[in-house]
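Novice: Can you look at this prediction? I've put the sequence above it.
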Amino acid sequence: MAKWLVKSEPFKWSWEEHKKKGVEPWDGVRSAQALNNMREMKRGDEVMFYHSNKGLEIVGICSVVKEFYDDPDDPKSGLVDLKAERDMPRPVTLKEIKADGRFDELALVRQSRLSVMPVPEKQWSQILELASRDPAS
């Protein structure tokens, strides 16, 4: 299964709101590259939820429960349904990720405006490792 990261501005749609809803369509994506990434998402894929603009941190993990489908409200976009699964053990900040050379090629670092991106399995595991340790260490 593939791994992904989606970005949301917390004042528009936060991790807390997503957890309350449980399952929610991921909408508002217009970038061709991000939409192509959404088209590649498969049921059961895991997705990191990232707060952009304010927070700048990975805060939770979702899973894909419905694969790409047309957005009935926006013919230039599409949707995938994401289910909130669990909080990160602790948020992992963009600052931490950028300071760690293992992530230099991660789309989150290289393509800061991309809202839906793949996360290679090795880097996924490394991000989870960061989330499980004290940030001061």
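Specialist: Great, that's in hand.
Novice: switch to C-alpha atoms for all contacts and neighbour counts from now on
Specialist: Will do.
Novice: which strands and helices sit next to whichever helix in the chain runs longest?
Specialist: When the chain is parsed with DSSP state H, its longest helix is helix 121-131. Under the contact criterion of 3 or more Cα pairs under 8 Å, 6 or more residues apart in numbering; DSSP states H and E, the helices and strands touching helix 121-131 comprise strand 78-93.
Novice: Let me know the next secondary structure element after the strand it packs on.
Specialist: Sequence-wise, the next helix or strand beyond strand 78-93 is helix 94-99, with elements assigned using DSSP states H and E.
Novice: Run the chain-centre distance for that following helix.
Specialist: On the basis of Cα atoms, centre = their mean, to the nearest Å, helix 94-99 is displaced by 16 Å from the centre of the chain it belongs to.
Novice: ditto for stretch 68-86
Specialist: 14 Å.
Novice: swap in stretch 3-16?
Specialist: For stretch 3-16, the distance from its own C-alpha centre to the chain's C-alpha centre is 7 Å (Cα atoms, centre = their mean).
Novice: Sketch out the low-pLDDT regions of the protein for me.
Specialist: With pLDDT under 70 as the threshold, the chain has low-confidence stretches at 135-137.
Novice: Let me see the ranges of the helices in it.
Specialist: Read by DSSP H, the chain holds these helices, from start to end of the chain: 15-21, 32-40, 94-99, 107-110, 121-131.
Novice: For residue 68, which of the ones you listed is the nearest?
Specialist: Each of the helices of the chain was checked against residue 68 via Cα to Cα, and the shortest separation belongs to helix 32-40, namely 5.3 Å.
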